[in-house]
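# Here is my input; please provide its structure:
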Amino acid sequence: MNEDAKQAGLAILQDLALWNRTAVFLEQEIERAAYRKCENALTAWCKKHDWHRGGTEKTDLENIWLAPKHWDIGDDNWLAGFWFCRRPDHTSNSYGVADLVGQGETDFGFYFDVDYKHIGGKKPWMAYISRSSFHIDRFAEHGWENLGEGIFFLPAKLNVESLISSWETGKWTHLTDPITDHLDSIVEHLELFDTFLEGAKSIQR
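Okay, here's the model as predicted:
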């Protein structure tokens, strides 16, 4: 154990009851409220724009996914979708709400993924990706990071000030408006995603 870890541990242990109450309040009150308001904003946005909202009903923000209805390929199968979640394959041990507003060990954003089993499987999908530099470059122009294998991530870049303001005033739009602004931007560039998916579907033809 290094000296910094030792001193940090002592500071916590010397006022353990306070630290425990703080941790419980953060997780049970602040994080739940922030997640619930984000879920509500995503659901309301989907209703307004006639998009499909999949995933669990409540309190599991990172399992919610969204897709325009023309990506429905029948029998409750969807060609692709967007998740609002932490960066895929993260190793964060932080509270989710800390990651949400850029104070943790990873970040939140929109994760775009294609269910390649509907377009011939992984091998043809990877072959398609290898010759899709045009689309990949276009995604990058709009802020999407290429995580490999046709997975893209758009950082939300939320900040703790928006959470503080939301908690203080009760106006959660300070936190949720930037999220729905990202969705509006996705709609603005949806033709790029559609073209990308149409090219992928041609694998089967």
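
# Give me the contact list for the helix or strand of the chain with the lowest mean pLDDT.
Taking mean pLDDT, DSSP states H and E as the measure, the helix or strand of the chain with the lowest value is helix 3-14, at a mean of 84. Applying CB atoms under 8 Å, 6 or more residues apart in numbering, the contact partners of helix 3-14 are 1, 19. Any C-beta I mention is one placed from the backbone N, CA and C, and that applies to glycine too.

# What about F25, how many residues nearby?
F25 is flanked by 11 other residues according to other CB atoms under 10 Å.

# Tell me which helix or strand it sits in.
If you go by DSSP states H and E, F25 is part of helix 16-25.

# for stretch 187-205, which positions count as buried?
192-193, 196-197, 200 (16 or more other CB atoms under 10 Å).

# Tell me how many other residues crowd R21.
Applying other CB under 10 Å, we find 11 residues neighbouring R21.

# Repeat that for I164.
13.

# from now on call the first residue 504
New numbering, starting at 504: the last item is I667.

# which SS class is it?
helix (DSSP: H, G, I helix; E, B strand; the rest coil).

# roughly how far apart are it and G599?
Distance check for I667 against G599: by CB to CB, to the nearest Å, it reads 17 Å.

# again with E652
Taken as CB to CB, the span from E652 to G599 is 25 Å.

# of those two, who's got more company?
Applying other CB under 10 Å to E652 and G599 shows that G599 carries more neighbours, namely 19 against 12.

# Which strand or helix spans H555?
Going by DSSP H and E, H555 is part of strand 554-557.

# Mind giving me the packing neighbours of that strand?
helix 535-552, strand 568-571 (3 or more CB pairs under 8 Å, 6 or more residues apart in numbering; DSSP states H and E).

# Just the residues contacting that strand, thanks.
Against strand 554-557 from outside (CB under 8 Å, 6+ apart): 545-546, 548-550, 567-572, 574-575, 581, 584.

# and of these, the nearest to A659?
Among the contacts of strand 554-557, L545 lies closest to A659 (CB to CB), at 11.9 Å.

# Report the contact partners of that closest one.
By CB under 8 Å, 6+ apart, the residues touching L545 are 556, 567, 569, 587, 682-683, 686.

# What is the lowest-pLDDT residue among those?
Minimum pLDDT across the contacts of L545 is recorded for I567, with 89.

# Look up phi and psi at the residue nearest to that one when sequence neighbours are not counted.
Nearest residue to I567, sequence neighbours excluded (CB to CB, 6 or more residues apart in numbering): G558, at 3.9 Å. Dihedral pair for G558: phi 100, psi -170, per degrees, to the nearest 10.

# just the helices in this protein please.
506-517, 519-528, 535-552, 599-603, 625-633, 636-644, 663-672, 676-691, 693-704 (DSSP state H).

# mind listing what's buried in the fifth one?
Spelled out, that is helix 625-633. So, applying 16+ other CB under 10 Å, buried residues of helix 625-633: 628, 631-632.

# can you check the first one too?
Taking 16+ other CB under 10 Å as the basis for neighbour counts, none of the residues of helix 506-517 comes out buried.
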